[in-house]
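> What follows is a protein structure lacking sequence information:
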C-alpha cells in the first residue's frame, strides 16, 4: 500500500470578499507519485499550493501532510522544511546578492556547513546549467534565468516533495530540457501545476483537472 503524503478533505477556501475558490475539495497524493494539475486561469492551482505550504489559511476542511493534520504555523514550518515550493514569480524567492548565495541559503539554514553548501551549489548549478551565473547578481538576470535559479534554490534543500508552479514559464528550450531531464532522472516526488500539457505528459504518472472548486480525477 502506498503512503499518503498529502491528504486533503473537504477543503473550503475563499479570498476576502470573493467567491469560493474551493468547495469540498478532496485530494490524495501518495509517496512516489509524479502528478500534474491543469486548469483554467483562476481555477486555484497556485492557491492550492499556498494552502499546502501554509501560506494561506483554509476556512474549512482538513489538510494532512506526512501523516499529521497541519493547523498551526509551527506545523507548517515543518512542512516548508520538507516540501520544496517553486513560486510563479521569481522575485518572491530570490533575495541574496548573488546566485550562489541564493542557492546556498536554504542548505545553510538547514544546518549544512559552508563547505557542504558550496558542494551543493556546485552540483545543482551543474545539473541545471547555471555555472556561468553563479557570481552574478540574481536581480540582474532575465525572468527565465531567475526562474531557473529559483528551481536551483528549491532543489538545494533536498525536499521530499516538490510543488512546482508553472516551472517552464519563461524558460527557453534549452533550459526547459534541463528541467525535464532533472525531473525525469533525479527528481523526487512532485506535483506540477502547468498549462504545458506536453511537458506534463512527458513527466507525470497522472494529470488531474482543477475546475469549479474541485479536483476532477
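Thanks, I have the structure now. No experiment lies behind these values; they were computed from the predicted model shown.

> Can you mark which positions in the host helix or strand of residue 103 are buried?
If you go by DSSP states H and E, residue 103 is part of helix 99-109. Judged by neighbour count (16 or more other C-beta atoms under 10 Å), helix 99-109 contains these buried residues: 99, 100, 101, 102, 103, 104, 105, 106, 107. Quick note: C-beta positions are derived from backbone N, CA and C, even for glycine.

> name the helices or strands packed onto whichever helix or strand comes after it?
Next helix or strand after helix 99-109 toward the C-terminus (DSSP H and E): helix 114-128. Under the contact definition 3 or more C-beta pairs under 8 Å, 6 or more residues apart in numbering; DSSP states H and E, helix 114-128 sits against helix 99-109, helix 143-155, helix 173-185.

> With respect to residue 89, which of those lies nearest?
Minimum separation from residue 89 across the helices and strands packed on helix 114-128 (C-beta to C-beta) falls at helix 143-155, 9.1 Å.

> The closest residue to residue 216 other than its chain neighbours bridge partners, please.
Spatial nearest neighbour of residue 216, excluding adjacent residues (C-beta to C-beta, 6 or more residues apart in numbering): residue 209 at 4.4 Å. Residues in a beta bridge with residue 209, per DSSP bridges, are residue 38, residue 216.

> show me what contacts residue 209?
Shown in contact with residue 209 (C-beta atoms under 8 Å, 6 or more residues apart in numbering): 37, 38, 39, 215, 216.

> mind checking how far it is from residue 38?
Counting by C-beta to C-beta, to the nearest Å, the gap between residue 209 and residue 38 amounts to 6 Å.

> And residue 193, by the same measure?
Taken as C-beta to C-beta, the span from residue 193 to residue 38 is 8 Å.

> For the residue nearest to residue 69 when sequence neighbours are not counted, give the beta-bridge partners.
Setting aside the residues directly before and after it, residue 69 is nearest to residue 62 in space (C-beta to C-beta, 6+ apart), at 5.8 Å. Beta-bridge partners of residue 62, counted by DSSP bridges, are residue 9.

> and residue 62, how many neighbours?
The tally of other residues near residue 62 (other C-beta atoms under 10 Å) stands at 13.

> follow-up on the earlier one: settle it for me: which of residue 193 and residue 38 has more neighbours?
Neighbour comparison, residue 193 and residue 38: the larger count goes to residue 193, with 24 against 18 (by other C-beta under 10 Å).

> Could I get the contacting residues of the more buried one?
Contacts for residue 193 (C-beta under 8 Å, 6+ apart) come out as 36, 37, 38, 39, 45, 46, 48, 49, 163, 164, 165, 166.

> Assign a three-state SS to the nearest residue to residue 59 once chain neighbours are set aside, would you?
Excluding its sequence neighbours, the residue lying closest to residue 59 (C-beta to C-beta, 6+ apart) is residue 12, at 5.2 Å. Counting by DSSP: H, G, I helix; E, B strand; the rest coil, the backbone at residue 12 sits in strand.

> So what would you say the end-to-end distance of stretch 22-41 is?
Stretch 22-41 has an end-to-end distance of 14 Å (C-alpha to C-alpha, to the nearest Å).

> Run the chain-centre distance for it.
From the chain centre to the centre of stretch 22-41 is a distance of 13 Å (C-alpha atoms, centre = their mean, to the nearest Å).
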